[in-house]
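K.L.:
Have a look at this prediction, sequence included:
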Amino acid sequence: MTTLEILEKWLNAAAETERLEFKEAKQQYDTTKLLRYCVALANEGGGYLVLGVTDKRPRRVVGSQAFLCATDLNDIKSRIVDKLRFRVDATELLHSDGRVLVFEVPTRPVGQPLAFDGAYLMRAGEDLVPMTPDVLKKIFAEEQQDWFCQPAQCNASPDDVIALLDTQTYFELLKIPYPTTRDAVLERLQSQHLIKQTAQGWTITNLAAILLAKKLDAFSPALARKAPRVVIYEGIDKLKTRNDTTGIRGYAVGFEGLVDFVHSAAPQNRFIEEVVREEVKMFPEQALRELIANALVHQDFLATGTSVMIEMYSDRIEISNPGIPPIKVERFIDENRSRNEQLADVMRRFGICEEKGSGIDKVVSTAEVFQLPAPDFRVGDTRTIAVLFAHQDFADMSKTDRIRACYQHCCLLYVSNQRMSNQTLRERFRLSESKAVIVSQIIGATKENGWIKTDESESTSTRYARYLPFWA
């Protein structure tokens, strides 16, 4: 809210800026002109129309009688909403030299210029003029710009930045000492392009908010809807929900808590418990970390009204994110391409993500160690889904499960500069040598499906054959 202290700063500013417009309006102010200025200011990123102040330097308060009574002020605010379809706040300031009326105009939606009576307006000196084609083109192209660079909060004070962002955890994640001054904290965040200083205050970027927000809903409903949601079901379907929780913190500062919550909610892996005689969760924490981090990093942030979903059933956990992956799911083990490289880079520096290309390897490897069926990666119409299954005896695995495990095992060895054989696949399934024929059948079926091929550089003997992924 505008205060007399803020007004004094505006009066002493060097010049009118793109966010400030002063009008004397001693007796009244034309309603149509007010509406036109609201549109122009919104098109320029939002700002303030100040009535009762001279628009020439040195600026001074002269007082305004425009929209004097409460009824008039409420009527004009209602008319703005009715005519322009957005809300403008109005604040009366009782300055010693007269009444000042400040209209606070929000910015327009990203990629959408606003019009009044069919004209897209902007300011040019003292006049309001139609937007030029190049300005309109730039606005229409905004939705194609990097989402992370767009502002989550404008005109924030230094105290606002510290209140909104968990700067303490930021420095802890980077394993560097917390600065001794607030200015040094802000300087560090600005050097990493997380915040930006302007004449009106600090701009907090979407990147900073999505990573470091203490509360995502303190920024906007749109950002709040990008918080991950965890749903835990009683059985193998969605008929009965045991818990439904949506996160509130930024991805980086809330990551450990999210993983701990999901991991602690998982049932016990009773098979391994009996073997190693210790409590082991059904879904390994390492695999959960990698899949959750991947979902957060690789999601499509331009998709609206949707978020990362973590759905736990008694026999599996499904972790999905909005968006179609830029690479095919069968190449997840050996390739890595992110649509959000900036976010991925910061998450790697925080130690949340693995180095490029190694995250899915660890998921597959962990599934093998914990004797779980091979993870399944699926692509729907609008989402990418990773499924991690609970323990299943080899005899209970379907043919599809066995083929998928064979292919992933082959890929995992190949990226480690090794080769799959009948023996390595038997070890993956914990099968004895007497099951070699069954394993050979799995290898044959996987070859028929086109997922693997024989390594011709090795022995051609069936007994000593080695195998490569189809893409090797």
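P.N.:
Yep, it's here.
K.L.:
Walk me through the domains of this protein.
P.N.:
For the chain, whose domains are defined here by automatic domain parsing, the residue ranges read 4-144, 147-224, 225-392, 394-472.
K.L.:
Now render the ones you listed as a markdown table, adding mean neighbour count and mean pLDDT.
P.N.:
Any C-beta I mention is one placed from the backbone N, CA and C, and that applies to glycine too. Listed next are those as a markdown table, based on neighbours: other CB atoms under 10 Å; pLDDT from 0 to 100:
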| stretch | mean neighbour count | mean pLDDT |
| --- | --- | --- |
| domain 4-144 | 16 | 87 |
| domain 147-224 | 18 | 94 |
| domain 225-392 | 18 | 87 |
| domain 394-472 | 16 | 91 |
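K.L.:
three-state assignment of the closest residue to residue 332 other than its chain neighbours?
P.N.:
In space, and not counting its chain neighbours, residue 332 is closest to residue 360: 4.6 Å by CB to CB, 6 or more residues apart in numbering. Classification of residue 360 into helix, strand or coil gives helix, according to DSSP: H, G, I helix; E, B strand; the rest coil.
K.L.:
For residue 156, see how far away residue 190 is.
P.N.:
Noted for residue 190: a distance of 12 Å to residue 156, by CB to CB, to the nearest Å.
K.L.:
In which helix or strand does residue 232 reside?
P.N.:
Applying DSSP states H and E as the criterion places residue 232 in strand 229-233.
K.L.:
partners of that strand in the sheet?
P.N.:
When sheet partners are counted by DSSP bridges, strand 229-233 sits next to strand 241-246 (antiparallel), strand 309-312 (parallel).
K.L.:
Okay, helices next: where are they in the stretch 151-300 of the chain?
P.N.:
Ranges of helices within the stretch 151-300 of the chain are 158-164, 167-174, 182-191, 206-212, 221-224, 251-265, 270-276, 285-298, based on DSSP state H, counting those that start in this stretch.
K.L.:
Throw those into JSON lines and include distance to residue 146, thanks.
P.N.:
Output for the helices of the stretch 151-300 of the chain, formatted as JSON lines (distance: least, CB to CB, whole Å):
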{"stretch": "helix 158-164", "distance to residue 146": "21"}
{"stretch": "helix 167-174", "distance to residue 146": "21"}
{"stretch": "helix 182-191", "distance to residue 146": "17"}
{"stretch": "helix 206-212", "distance to residue 146": "9"}
{"stretch": "helix 221-224", "distance to residue 146": "16"}
{"stretch": "helix 251-265", "distance to residue 146": "17"}
{"stretch": "helix 270-276", "distance to residue 146": "44"}
{"stretch": "helix 285-298", "distance to residue 146": "15"}
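K.L.:
Give me the residues contacting the strand holding residue 232.
P.N.:
239-247, 258, 261-262, 265, 307-314 (CB atoms under 8 Å, 6 or more residues apart in numbering).
K.L.:
the inter-axis angle of that strand versus helix 251-265?
P.N.:
Here strand 229-233 runs at 10 degrees with respect to helix 251-265, directions being taken by axes from the mean of the first three to the mean of the last three CA atoms, to 10 degrees.
K.L.:
what about strand 229-233, distance to the chain center?
P.N.:
Taking the mean of its C-alpha atoms, strand 229-233 sits 19 Å from the chain's own mean (CA atoms, centre = their mean, to the nearest Å).
K.L.:
Could you export it as PDB, CA atoms only?
P.N.:
This file holds the C-alpha atoms of strand 229-233, laid out as PDB (Å, rounded to 0.1, in the frame of the first residue of the first chain):
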ATOM      1  CA  ARG A 229       1.000 -32.900  -4.500                       C
ATOM      2  CA  VAL A 230       1.300 -36.300  -2.700                       C
ATOM      3  CA  VAL A 231      -1.700 -38.600  -2.600                       C
ATOM      4  CA  ILE A 232      -1.600 -41.900  -0.700                       C
ATOM      5  CA  TYR A 233      -4.200 -44.600  -1.500                       C
END
